[in-house]
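Engineer: Provided below are the primary sequence and the corresponding predicted coordinates.
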Amino acid sequence: MPLTVNVVLPIPLDRAYTYHLPDPMTDAAQVGCRVLVPLRNRRLTGVIVEEGPPADTLDFQVKDVIDVLDDVPACTSELLDLTKWIADYYVCSWGEALKTALPAGTTVESQRKIRRTNADPGDWTGHDVGRLVLQDLHEHPTTTLSAVRKRLGPAVPLSLIRRMAADDVIEVETTLSDEAVSAKTETHLRFAPAFQHREAAADLIEQLRGHKQQAVIRALAGFREEGVAEPRQADVVERADASYSTIRSLVDKGMIEKVDKEVMRSPLDDLPDPEPPPDHDLMADQQDALNAITDAVDAHRYGTFLLHGITGSGKTEVYIRALMAVLKQGRSGIILVPEIALTPQTVQRFRSHFGDQIAVLHSQMSMGERYDAWRQLRTGRARIAIGPRSAVLAPLDDLGLIVVDEEHETSYKQFDPAPRYHARDVAVMRAHLNEAVCVLGSATPSLESTMNARWGKYERLPLPERVPDSSGRTATLPEVRVLDLTVQRKKHQLDGALADPLRNAIRQRVERNEQTILLQNRRGFAPVLECEDCGWAPHCDDCSVTLTLHRGGGRGQLRCHYCGHAAQVPRQCPQCGGHDISQIGVGTQRVENELESVVPEATVLRMDRDTTSQKHGHHQILRRFRNGADILLGTQMIAKGLDFSRVTLVGVVDADVGLLFPDFRAEERTFQLLTQVAGRAGRADLQGEVILQTRNPDHSAIRYATSHDYEGFAEEALAERRQLGYPPFGHVATVEFRGPQEDRVERLAVNWTTTLRTHAGPVEVMGPEPAFIQRVQKQHRYRTLLKSRSGGAQPLQTALRRSRKAEGTPPNGYHVAIDMDALGLL
Ligand code: ADP
Ligand code: ZN
Ligand code: ZN
């Protein structure tokens, strides 16, 4: 290594910083290692991306690297290249992209520690804020600036602290907060060397008088008989029914010893061993698809395949076999699934084939679990990563295959913070960089992927039929019935949210002991409360949205779905004093309520963000449904990846919910959601039925979902996109401006957009305009929309990068969020 290194930092600036590498570190430092470096008055964790220029050629003073944090580079050169591509494509800094590739919680950032000195406080006792600070430091002798600010409010400016420090009244030290995660160890026990002989245990027991102590020795001997020479202390304590103090006294006597062992935390620990894998022959379509994939795998040739197969057509089976081919070559693989599909069911299926070669990554894991999974992958102990979005950056060498299941899912796009990447597109690029294969699977592919297949960029592999059941029968697609709510109302068959035909169908299923899935894509009880006299409706103080009524606790509660703010339900209208406050619209709780009177004897499970917020909440509800509850009612989370054999009815309470959104993807989303949920009904031996309630029966998304006609939908939607220059034919991006003061946000937006226009070239720039939801959590929002009808993404990226450079960093507290290939334009 030369004496300087170029380091990229997790800050939104497009540049690397050069640091001098002090002598003792030159061996440890390699490209890809994390280093701790000073930047102005902070210390930051960065990544070495390349050798730096010789120090004597630089015309500025380079600072020293403070520490090298890795002995093995955290970032492989392949991930350095990939994150560089992400930064270029999504117009963010390389450091921001790199941060996504490192396990959360391992970046060390600086913190200011402050404490009181012995010096005479002098005039500061007479200073309003200064006196409070001194008082606070007296009560909290070791503390941090942020903690002081939290206690005293933000009115403690850094400049004041600096002045107090200059007077020596306080001392400010920039230190590191400890790494938030590290390897975890667990205490194990074993006999001390002198007592390791088998007979020694019996002697020990005789020597000891205490029952508890004897029991510990007996337990330890027992474990040894079972082949566990060093059992976990906790297991010994449990088996001996002893206390930790008993253990300690035996350790003090020198009879037993404690050993700390590193443990790998894994969410798989809670799961039972999986069933042995089924061993069936593939269906002809599956085999054709697999052959196409393995041909490319065997040839080490890049290729992206679009596996277009309806639910239950055997896509997962194809992924598994493709992975087997990849592992056989000694290469590794990544399986991306939407978070919601990452149920134990899915994991178990892969585990039954690949066992401990799998590391699972997901957001409900503790930081420690995530860090361990990351290390298993980085060290090659695990060769397969399964996880949502961010798993696309899993640190695997020799990647052979990346699968993106349910590739149309919007959760693959990251929104905040930067990089605002789309995991599917990153997967395709990563496969390309590695001469690997990418498989995109879906029953309702995104219009982008369908068009890429038509253009020949991807190869489409259709699986048009469901896999037959064990008796050889194939399930037919369920009959879809559309209930026009306008007509139902006229016929007096609509009282509440469920029209009579849907009510009857539900009752019938409960009587026949079959199961029903009901979709209502809105949580809470009623989305809006409104005063019938004056039209007043409750709004969130911090966000420009109405509050949703939730049931529970007396008259219920009003909640903001953007920031979580909760308020009491007013007895009377605060504007006119009226008492007639009506509840408008239908949320999942209201449907649940209605079901209580329609089918009082039924067990109803509600699944939405309110009932699944706890760890495993989602999984528990699904287990109860599998164990026989009658009705599963919920938001879109019920539409995904579930496979139940006794569901013969799927009801959609309000198919129009998503159509009302003024977004060019609203129709596509609605079509996908309805098609996915409809796919849940019926199996070979039980004919399924789908009932869709709508006020727009002629809408194309609803018509095509009703006839299970993906091609028809795609044809019509693509024609419209082409005409308007929207993706997949053009590219779009948004720039969102956020901050606490509306006039300043507006000014920022106007200035930025003016700059954008000067760099626009062929790009259309629209806006700025107040965002669809103008205020979220007290932050005002404006946005500008960019569209490029031809020339790919590049004209947009160029305009954005130049403007970003020209405009520089926004003022403190204000944000500019560039969203390349934005999914929503609101
Ligand atoms: P998808 O991922 O497309 O929804 P799956 O791969 O989960 O489909 O297959 C649906 C069901 O059919 C699963 O229970 C699976 O074990 C079974 N299955 C898949 N392929 C076959 C096959 N070739 N023969 C028998 N059963 C199969
Ligand atoms: Zn009123
Ligand atoms: Zn709010």
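Structural biologist: Right, received. Where do you want to start? Ligands and ions are numbered 1, 2, ... in the order given.

Engineer: quick one: secondary structure of Pro417?
Structural biologist: coil (DSSP: H, G, I helix; E, B strand; the rest coil).

Engineer: need the contact list for the closest residue to it other than its chain neighbours.
Structural biologist: For Pro417, ignoring the flanking residues on the chain, the nearest one in space by C-beta to C-beta, 6 or more residues apart in numbering is Glu96 at 7.2 Å. Heads up, the C-betas are built off the backbone N, CA and C, glycines and all. For Glu96, the contacting residues are 10-12, 87, 417-419, by C-beta atoms under 8 Å, 6 or more residues apart in numbering.

Engineer: who in the chain is up against ligand 2?
Structural biologist: Taking C-beta under 5 Å from the ion, the part of the chain that reaches ligand 2 is made up of 531, 533-534, 536, 573, 575-576, 578.

Engineer: Make a markdown table from those and add secondary structure and distance to ligand 3 to it.
Structural biologist: Shown next, in a markdown table, are the residues of the chain next to ligand 2 (DSSP: H, G, I helix; E, B strand; the rest coil; distance: C-beta to the ion, whole Å):
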| residue | secondary structure | distance to ligand 3 |
| --- | --- | --- |
| Cys531 | strand | 20 |
| Asp533 | coil | 26 |
| Cys534 | coil | 23 |
| Trp536 | coil | 18 |
| Cys573 | coil | 21 |
| Gln575 | coil | 20 |
| Cys576 | coil | 24 |
| Gly578 | coil | 25 |
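
Engineer: buried subset of these?
Structural biologist: The neighbour count (16 or more other C-beta atoms under 10 Å) marks 531, 536, 573 as buried among those.

Engineer: Report pLDDT for the residue nearest the centre of the chain.
Structural biologist: Averaging the C-alpha coordinates of the chain gives a centre point, and the residue nearest to it by C-alpha atoms, centre = their mean is Ser363 (5.4 Å). What the model reports for Ser363 is a pLDDT of 70.

Engineer: distance of it from ligand 3?
Structural biologist: 22 Å (C-beta to the ion, to the nearest Å).

Engineer: so that residue sits in a helix?
Structural biologist: No - assignment of Ser363 by three-state DSSP gives coil, placing it outside any helix.

Engineer: Who are the contact partners of it?
Structural biologist: Contacts of Ser363 were listed using C-beta under 8 Å, 6+ apart, and they are 339, 388.

Engineer: try Tyr458
Structural biologist: Tyr458 makes contact with 304-306, 440, 449, 452, according to C-beta under 8 Å, 6+ apart.

Engineer: Please repeat the previous calculation with a cut-off of 6 Å.
Structural biologist: Tyr458 sits next to 304, 306, 452 when contact means C-beta atoms under 6 Å, 6 or more residues apart in numbering.

Engineer: is it true that the last one lies in a strand?
Structural biologist: No - under the criterion used here (three-state DSSP), Asn452 is helix, not part of a strand.

Engineer: Pull the contacting residues for Gln233.
Structural biologist: Neighbours of Gln233 in contact, by C-beta under 6 Å, 6+ apart: 187, 189.

Engineer: Could you check the pLDDT of it?
Structural biologist: Looking at Gln233, the pLDDT reads 87.

Engineer: And the residue of the stretch 651-800 of the chain closest to ligand 3?
Structural biologist: Gln777 (6.2 Å; C-beta to the ion).

Engineer: Looking at that residue now. What's its pLDDT?
Structural biologist: Reported pLDDT for Gln777: 80.
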